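A.B. asks: Here is a sequence together with a model predicted from it:
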Amino acid sequence: MKVLVANRGEIAVRILRACRELGVPSVAVYSDADREALHVRYADEAVALGPAPAAESYLHLPRVLAAARSSGATAVHPGYGFLSESPAFARAVEDAGLTFIGPRPHTMALTGDKLAARREAREAGLPVLPGPDEPLTEALSAERASRVQYPVLVKATAGGGGRGIRLARTPAELAEVVGQARQEAQAAFGNDEVYLEPLVQHARHIEVQILGDGQGHVLCLGERECSIQRRRQKLIEEAPAPGLTATQRTRIFEAALRLGQALNYRSLGTVEFLLDAAGDFHFIEINPRIQVEHPVTELVTGLDLVTEQLRLAAGRPLRYAQEYVVPRGAAIEARVLAEDPERDFLPATGEISYLKEPGGPGIRVDSALYLGMEVTAHYDSLLAKVIAWGENRAVAILRLRRALREFQIGGVPTDLEFLFQIVDSHPFIAGAVDTTYLESFQPARQGDESLERDAVLAAALLAHQRRGARPGRERADEGNGWRLAAWRAELGV
Amino acid sequence: MLTYYVSIGEREYRVKIGDSQVWLDDEPVTCRLTSLNGNGLHQLSRESQSVEVHLSSDRRGGYEVLIGGRRLVAQVAPGHRRAAGQQGGAESGALTALMPGLIVEVPVQVGDTVTEGEVLVVQEAMKMQMPLRAPCAGRVIEVRVEAGAEVEQGALLVRLAPGA
């Protein structure tokens, strides 16, 4: 088996690590912007894809396929994002005689159509939010319009990853919001089909990890809670979901398994639900790929999900029976992004001038960072994931707080301080947050006084040490003593 | 003893550094900064505490300070740019005389575009010729002196309109 990883960044490194552990030869692909990326060095071989823009590289199906062929890969792992949810890609890989490390193309076509997925879930007996399982047509008939409950979400049928969703609060807003949603959907997914879904107020995002062998056996690997979201992008995720009753957990697991079995699911998948304020859950969608937050499931189950994917792809049976999967402890993940909270979370670019990743008990860091790395705006702003495990949630929180303070990244602003504040906040610690938490979250404006005074002293002392050096030469550091002497000589001192 | 004005966000501090003593807002502080790797990593040693700090200059003359898991950006302005009552430095584009002395040379004129650090005036004092440099990039909008002029400390010499 030889695996081509059709992705980049931290997830590419993650998959390559599993390949290395299993002794499976690996191939990386890279755009011009990623020539010096860590995943390129980590793999056994690397193939160039093309210019930086995703459409010309990581999303360029023919080029990725060509790389698989030319490198002699026998299997392709799509990671998350990019082509990971493209049935056409899965099909093309299989048609080329290679193994697609993921669900069957047919399954992906279904999961990629949110309305078809809802129909399938309904048929499998899952609770699904009320709403026509048809796309919205141009003329919203007066009768249909009167039945819509506001606020209502307008969602792209071909959407995913929290994208392509807009909110209409009143009937007056609907037409405009639908127009905007269509435009966005067309641009992002090449398909302007949208549908309506009632907004669940104060919902909690609960998702269930499943793993199937495509031969009728589906495992449930536990749930995750991902309610800490900023503009529908997850920021902090954890396993297990705090505050779920045993009944709720059993019901949600059974629902996820039923759907997995109905689909004769192959490989990894995540069944997403919303838990409403009344404690009822509703199916939202199913994601046919590995997810960013998979480490929290790995840490509480002790399983390596990517290794399991590779083994299944190699034709091995499922290694574990359901009884073997017994979650232990709690894990929380925080996404470190190159986004400046002081500048409304605008993605930042720069060069990593300093890097010190956290460590110690119960800390795992998934990153592709290295000193000197260029942070560009071509792809997403995810720099690294910090995951803390503890024998209970309280310990996991203490460890994550410690790790977030240990993590030092120089050269780009990050959301590390913001993440710390969230993890340090009372509602989060109490496990009493829902998906609206960050909308009203106010980070503490008060900085640490004594820390700031130390920073002031350090900066002043360094400026003092360098006062002899010429401007523009500041990049040279302590080794510029001779320059100082030369300047003084020039002055005749 | 030299004075530095350090601002972080909206807060400003005054640091005075002598041969053996440092004052932060007029309070004496025992501290020393040592380089750990010649590449920005330092140790700030206080009386009984040591703190790891990573410092690097950004292109606008500020310092990125990584300390205690935070990332702060500090602007450091040497005291000689802040004559009494005047807000000098990069923001206002004002170049003032360091000390009383004679202007030897003024290599720029009104309308010139200059880069940060470019020599605007050469002053002679205490038998030294000192090049006085542009605190920021900009355009020369006012030249108050010419070669041969005697100036007092803090006198405005050249004014720039900051910006490329």
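C.D. replies: Happy to help now that I have it. These numbers were taken from a predicted model, which means no experiment stands behind them.
A.B. asks: Looking at B:Met1 now. What's its pLDDT?
C.D. replies: pLDDT for B:Met1: 86.
A.B. asks: One more: A:Pro427?
C.D. replies: 95.
A.B. asks: Likewise for the one 4 residues further on?
C.D. replies: Predicted confidence (pLDDT) for A:Gly431: 95.
A.B. asks: Also the one 10 residues further on?
C.D. replies: You'll see A:Phe441 listed with a pLDDT of 91.
A.B. asks: Flag the shaky bits of the chain, pLDDT-wise.
C.D. replies: All of this is about chain A. Scanning chain A for pLDDT under 70 picks out the ranges A:138-146, A:445-446, A:468-493.
A.B. asks: switch to chain B, that's the one I care about
C.D. replies: By pLDDT under 70, the weakly predicted segments of chain B are B:58-61, B:80-92, B:98-99, B:125-129, B:153-154, B:164.
A.B. asks: Listing partners with orientation, what would you give for the helix or strand harbouring A:Phe273?
C.D. replies: Element membership for A:Phe273 (DSSP states H and E) is strand A:266-275. According to DSSP bridges, strand A:266-275 forms sheet pairs with strand A:204-213 (antiparallel), strand A:281-287 (antiparallel).
A.B. asks: Same question for that strand: list its buried residues.
C.D. replies: Using 16 or more other Cβ atoms under 10 Å in any protein chain shown as the test for burial, strand A:266-275 gives A:Arg266, A:Ser267, A:Leu268, A:Gly269, A:Thr270, A:Val271, A:Glu272, A:Phe273, A:Leu274, A:Leu275. For the C-beta atoms, the positions are set from N, CA and C on the backbone; glycine is no exception.
A.B. asks: partners of the last one in the sheet?
C.D. replies: Right, A:Leu275. Bridge pairing for A:Leu275 (DSSP bridges) gives the partners A:Arg204, A:Phe281.
A.B. asks: Let me know whether it touches A:Ile284 as I believe.
C.D. replies: No: between A:Leu275 and A:Ile284 there is no contact under Cβ atoms under 8 Å: 10.7 Å.
A.B. asks: Give me the common contacts of these two.
C.D. replies: Contact criterion Cβ atoms under 8 Å, 6 or more residues apart in numbering or on different chains; residues shared by A:Leu275 and A:Ile284: none found.
A.B. asks: pretty sure A:Gly97 belongs to a helix, no?
C.D. replies: No: counting by DSSP: H, G, I helix; E, B strand; the rest coil, A:Gly97 is not found in a helix; it is coil.
A.B. asks: what's around it, how many residues?
C.D. replies: A total of 8 residues lie near A:Gly97 under the criterion other Cβ atoms under 10 Å in any protein chain shown.
A.B. asks: Same question for B:Thr3.
C.D. replies: Counted with other Cβ under 10 Å, residues neighbouring B:Thr3 total 15.
A.B. asks: so which strand or helix has it?
C.D. replies: strand B:2-8.
A.B. asks: what would the strands paired with strand A:266-275 look like in CSV with mean neighbour count?
C.D. replies: Shown next, in CSV, are the strands paired with strand A:266-275 (neighbours: other Cβ atoms under 10 Å in any protein chain shown):
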stretch, mean neighbour count
strand A:204-213, 24
strand A:281-287, 22
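A.B. asks: Make CSV out of those and add distance to A:Ala368.
C.D. replies: Shown next, in CSV, are those (distance: least, Cβ to Cβ, whole Å):
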stretch, distance to A:Ala368
strand A:204-213, 23
strand A:281-287, 22
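A.B. asks: OK, contacts around the residue in chain B sticking out farthest from the centre?
C.D. replies: The C-alpha centroid of chain B is most remote from B:Ser48, which lies 30.3 Å away (Cα atoms, centre = their mean). Counting by Cβ under 8 Å, 6+ apart, B:Ser48 touches no other residue.
A.B. asks: Please apply the same query to A:Ile206.
C.D. replies: So A:Ile206 contacts A:Glu223, A:Arg224, A:Glu225, A:Cys226, A:Ala241, A:Leu244, A:Ile252, A:Glu272, A:Phe273, A:Leu274, A:Leu275, A:Phe281 (Cβ under 8 Å, 6+ apart).
A.B. asks: picking up where we left off before, other SSEs contacting the strand holding B:Thr3?
C.D. replies: In terms of contacts (3 or more Cβ pairs under 8 Å, 6 or more residues apart in numbering or on different chains; DSSP states H and E), strand B:2-8 is packed against helix A:449-465, strand B:11-17, strand B:70-78.
A.B. asks: just the strands in the stretch 51-200 of chain A please.
C.D. replies: Ranges of strands in the stretch 51-200 of chain A, per DSSP state E, counting those that start in this stretch, are A:75-77, A:99-100, A:152-160, A:163-168, A:194-198.
A.B. asks: try the stretch 301-450 of chain A
C.D. replies: Under DSSP E, counting those that start in this stretch, the stretch 301-450 of chain A gives strands at A:330-337, A:339-340, A:346-347, A:350-351, A:354-356, A:363-367, A:374-375, A:382-390, A:408-410.
A.B. asks: Run through the bridge partners of the residue nearest to the spatial centre of chain B.
C.D. replies: By Cα atoms, centre = their mean, chain B has its centre lying nearest to B:Pro78, at 3.1 Å. B:Pro78 has the following beta-bridge partners by DSSP bridges: B:Tyr4.
A.B. asks: so it sits right up against A:Arg466, yeah?
C.D. replies: No: when contacts are counted by Cβ under 8 Å, B:Pro78 is not listed as touching A:Arg466 (10.6 Å).
A.B. asks: and A:Arg169, how many neighbours?
C.D. replies: A:Arg169 is flanked by 12 other residues according to other Cβ under 10 Å.
A.B. asks: again but with B:Glu124, I slipped
C.D. replies: B:Glu124 has 13 nearby residues by other Cβ under 10 Å.
A.B. asks: dump the residue contacts of it.
C.D. replies: B:Glu124 neighbours (Cβ under 8 Å, 6+ apart): B:Gly101, B:Leu102, B:Ile103, B:Val104, B:Met130.
A.B. asks: let's see it at 6 Å
C.D. replies: Listed by Cβ atoms under 6 Å, 6 or more residues apart in numbering or on different chains, the contact set of B:Glu124 reads B:Gly101, B:Leu102, B:Val104.
A.B. asks: Pretty sure the second one sits in a strand.
C.D. replies: Yes: secondary structure assignment (three-state DSSP) places B:Leu102 inside a strand.
A.B. asks: how far away is it from B:Glu118?
C.D. replies: From B:Leu102 across to B:Glu118, the span is 21 Å (Cβ to Cβ, to the nearest Å).
A.B. asks: ok, those two, which is more surrounded?
C.D. replies: Counted by other Cβ under 10 Å, B:Leu102 and B:Glu118 do not tie: B:Glu118 has more neighbours, with 19 against 15.
A.B. asks: Pretty sure the more buried one sits against B:Ala134.
C.D. replies: Yes: between B:Glu118 and B:Ala134 there is a contact under Cβ atoms under 6 Å: 4.8 Å.
A.B. asks: any chance you could read off phi and psi for the residue positioned nearest the centre of chain A?
C.D. replies: By Cα atoms, centre = their mean, the mean C-alpha position of chain A lies nearest to A:Val292, the distance being 3.4 Å. Dihedral angles phi and psi of A:Val292 (degrees, to the nearest 10) take the values phi -50, psi -40.
A.B. asks: Next, count neighbours for the nearest residue to it once chain neighbours are set aside.
C.D. replies: For A:Val292, ignoring the flanking residues on the chain, the nearest one in space by Cβ to Cβ, 6 or more residues apart in numbering or on different chains is A:Tyr80 at 6.0 Å. Counted with other Cβ under 10 Å, residues neighbouring A:Tyr80 total 18.
A.B. asks: Tell me how far A:Tyr80 lies from chain B.
C.D. replies: Between A:Tyr80 and chain B the distance, using Cβ to the nearest Cβ, to the nearest Å, works out to 28 Å.
A.B. asks: residues touching that residue, list them.
C.D. replies: Shown in contact with A:Tyr80 (Cβ under 6 Å, 6+ apart): A:Ile11, A:Arg289, A:Ile290.
A.B. asks: ok, now A:Val154?
C.D. replies: Contact analysis of A:Val154 by Cβ under 6 Å, 6+ apart lists A:Arg166, A:Val177, A:Val178, A:Ala181, A:Val194.
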